[in-house]
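>>> The following block contains a protein sequence and its predicted model.
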Amino acid sequence: MPELPEVETVRRGLAPHLVGRRIAKAQTKRADLRFSFPKRFANRLEGRRVEALTRRAKYLLAELDDGHIWVTHLGMTGRWSVSGLKHQPGDFYYAEPPDPAHTHVVIEMEKGAKGQQTRLEFNDPRRFGYMDLIAREDFDSHPWFKNLGPEPFGNAFHAPYLAEAFAGKKANVKAALLDQRVVAGLGNIYVVEALHRAGIAPTRAAGSVSRLRLERLAPAIRAVLEEAIAVGGSTLSDYAGVDGQQGGFQQRFRVYDREGEACVTPKCGGIIKRVVHGGRSTFWCAKCQR
């Protein structure tokens, strides 16, 4: 499933083609994705001007001029693409082109100053993605958003916050970080990478992590996310950015998917281990992560 860096990459790729422009035509090719589209979804999008394109956790948020927010969640295999791009954004290696049979939403933007018209397509083979229109005044209380924790890049995310959030928790620190109520947008890959940088074993109880280690963890999370965003995220199977290209952060993994390989920490000499919890693989170096 795309995590925060992948969603942020998509947001940055879409923004120049959406923000400040009106939706000329919208089409849904089926009644639902993971959930049903809202009533009259396509009709309600048509004619609306996109005032901003932001992100909350793993959600894309297009703020419309009628006071609604058009929400997109990519699910596992959802991807937005923009047709007619001559120069593709990013510097990644190319993914396979999407199958048109799985294109479920088509958006045509109004013509630009030079008469060009932009067509956006949402393709989702497994249909775990979903969309909705939420009134701006209802956004904070909506079930998808009301319990989300702070953004990792926000001012509210820091070591003192983690110390408070982890206090008394017996669950392991990896599980605690994957809890979207603790911090929004983190997923399996970037959590294990950040824990390695911070020298914290993912199996350690969250409540037992020292303040000193938490002082390393908060900036490690930010650093991993920033690096991943800079190269367009990671691609392990189906995810691709707006430009149809796969992310490149997987080439920089320090522990993820490196079972049995030597730890990259200088002078460590440890070997990367792997264990599966709840269907998710955890990778770490037992020698330098404690």
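Done, it's in.
>>> residue boundaries of the strands in the stretch 101-250 of the chain?
Using DSSP state E, counting those that start in this stretch, the strands assigned to the stretch 101-250 of the chain run over residues 103-109, 119-123, 130-135.
>>> so can I have a markdown table of those showing mean neighbour count, mean pLDDT and distance to residue 53?
C-beta: built from backbone N, CA, C; applies to glycine. Formatted as a markdown table, the strands of the stretch 101-250 of the chain follow (neighbours: other C-beta atoms under 10 Å; pLDDT from 0 to 100; distance: least, C-beta to C-beta, whole Å):
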| stretch | mean neighbour count | mean pLDDT | distance to residue 53 |
| --- | --- | --- | --- |
| strand 103-109 | 20 | 96 | 12 |
| strand 119-123 | 19 | 91 | 12 |
| strand 130-135 | 18 | 98 | 14 |
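>>> As a markdown table, these with distance to residue 229 would be great.
Below are the strands of the stretch 101-250 of the chain laid out as a markdown table (distance: least, C-beta to C-beta, whole Å):
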| stretch | distance to residue 229 |
| --- | --- |
| strand 103-109 | 24 |
| strand 119-123 | 21 |
| strand 130-135 | 23 |
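>>> Looking at these, which is nearest to residue 290?
For these, the distance to residue 290 is smallest for strand 130-135, at 40.1 Å, taking C-beta to C-beta.
>>> Could you check the angle that closest one makes with strand 103-109?
40 degrees (axes from the mean of the first three to the mean of the last three C-alpha atoms, to 10 degrees).
>>> For strand 130-135, which strands pair with it and how are they oriented?
strand 68-73 (antiparallel) (DSSP bridges).
>>> give me the low-pLDDT residue ranges for the stretch 51-200 of the chain?
Per-residue confidence for the stretch 51-200 of the chain (pLDDT under 70) gives these ranges: 85-97, 113-115.
>>> where do the helices sit along it?
With DSSP state H, counting those that start in this stretch, the ranges of helices along the stretch 51-200 of the chain come out as 159-166, 173-178, 188-198.
>>> got a list of what residue 229 touches?
Residues in contact with residue 229 (C-beta atoms under 8 Å, 6 or more residues apart in numbering) are 5, 8, 9.
>>> wouldn't the second one be in contact with residue 55 here?
Yes: counting by C-beta atoms under 8 Å, residue 8 sits close enough to residue 55 to count as a contact (5.8 Å).
>>> who's more crowded, those two?
Looking at residue 8 and residue 55 with other C-beta atoms under 10 Å, you find the greater number of neighbours at residue 8, namely 22 against 17.
>>> which SS class is that one?
Secondary structure assignment for residue 8 (DSSP: H, G, I helix; E, B strand; the rest coil): helix.
>>> Can you tell me the closest non-neighbouring residue to it?
Spatially, and ignoring its direct neighbours in sequence, residue 8 is nearest to residue 229 (5.2 Å; C-beta to C-beta, 6 or more residues apart in numbering).
>>> Provide the partner residues of the closest residue to residue 47 other than its chain neighbours in its beta bridges.
Leaving aside its sequence neighbours, residue 47 sits nearest to residue 22 (C-beta to C-beta, 6+ apart; 6.3 Å). Assessed by DSSP bridges, residue 22 has beta-bridge partners residue 49.
>>> quick one: contacts for residue 22?
With C-beta under 8 Å, 6+ apart, residue 22 has these contacts: 47, 48, 49, 50, 109, 110.
>>> what about it, distance to residue 42?
Look at residue 22 and residue 42: by C-beta to C-beta, to the nearest Å, they are 14 Å apart.
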